[in-house]
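Student: what's the 3D shape of this:
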Amino acid sequence: MTQIIFGTDGWRGRIAEDYTFDNVRRCAQGFASFLKATGAAEKGAVIGYDQRFAAEHFAAAAAEVLAANGVRVWLTQSNTPTPAISYSVQAKGGGRGDQHHRQPQPARRLRLQGARRGRRGHSAG
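Tutor: Below is the predicted model of the structure:
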């Protein structure tokens, strides 16, 4: 099992090596457990993605896990800039948000980053 390591700006990983659907689901399960433990699950979560390779599928996988845990989810219908996720968390009264997007370098990496009440933070809390 691959270890998921969060840095100062979220979880970064190489697609199909450590940033896999299984690991996204593991991360989402941890996020759901955190939301439930802190009483934020009823406020819900906003999940977005950018236009990079398979980001919409990773976001959908995370949304499915949260929904299966009873967390209300708002999943964007198209690629969405990160600031829009923070805004949506505020506008929806949601407890948290996360964004699946590509980091600037190298080309085949994705990053999972969270927003909390309009501030950036780690999606695991």
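
Student: Which helix or strand lies directly C-terminal to whichever helix or strand residue 65 is part of?
Tutor: Per DSSP states H and E, residue 65 falls inside helix 55-68. Remark: after helix 55-68, the chain's next helix or strand is strand 73-75, criterion DSSP H and E.

Student: helices or strands up against that following strand?
Tutor: strand 45-49, helix 55-68 (3 or more C-beta pairs under 8 Å, 6 or more residues apart in numbering; DSSP states H and E). (Glycine included, C-beta is placed from N, CA and C.)

Student: of all the ones you listed, which lies closest to residue 79?
Tutor: Closest to residue 79 of the helices and strands packed on strand 73-75 is strand 45-49 (C-beta to C-beta; 6.0 Å).

Student: Each with direction, which strands does that closest one pair with?
Tutor: Partners of strand 45-49 in the sheet, by DSSP bridges, are strand 73-75 (parallel), strand 96-102 (parallel).

Student: Least reliable of those by average pLDDT, please.
Tutor: Here the lowest mean pLDDT among the strands paired with strand 45-49 goes to strand 96-102, at a mean of 58.

Student: could I have the helix ranked longest in the chain exported to CSV, CA atoms only?
Tutor: For the chain, the longest helix by residue count, based on DSSP state H, is helix 21-37. The C-alpha trace of helix 21-37 is given here as CSV (Å, rounded to 0.1, in the frame of the first residue of the first chain):
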residue,chain,number,x,y,z
PHE,A,21,-8.0,5.8,-8.0
ASP,A,22,-7.4,3.6,-5.0
ASN,A,23,-5.3,6.2,-3.2
VAL,A,24,-7.8,9.0,-4.1
ARG,A,25,-10.5,6.8,-2.5
ARG,A,26,-8.4,6.2,0.6
CYS,A,27,-7.8,9.9,0.9
ALA,A,28,-11.5,10.6,0.5
GLN,A,29,-12.4,8.1,3.1
GLY,A,30,-10.0,9.8,5.5
PHE,A,31,-11.5,13.1,4.6
ALA,A,32,-15.1,11.7,5.2
SER,A,33,-14.0,10.3,8.6
PHE,A,34,-12.5,13.6,9.6
LEU,A,35,-15.7,15.5,8.5
LYS,A,36,-17.9,13.1,10.5
ALA,A,37,-15.6,13.2,13.6
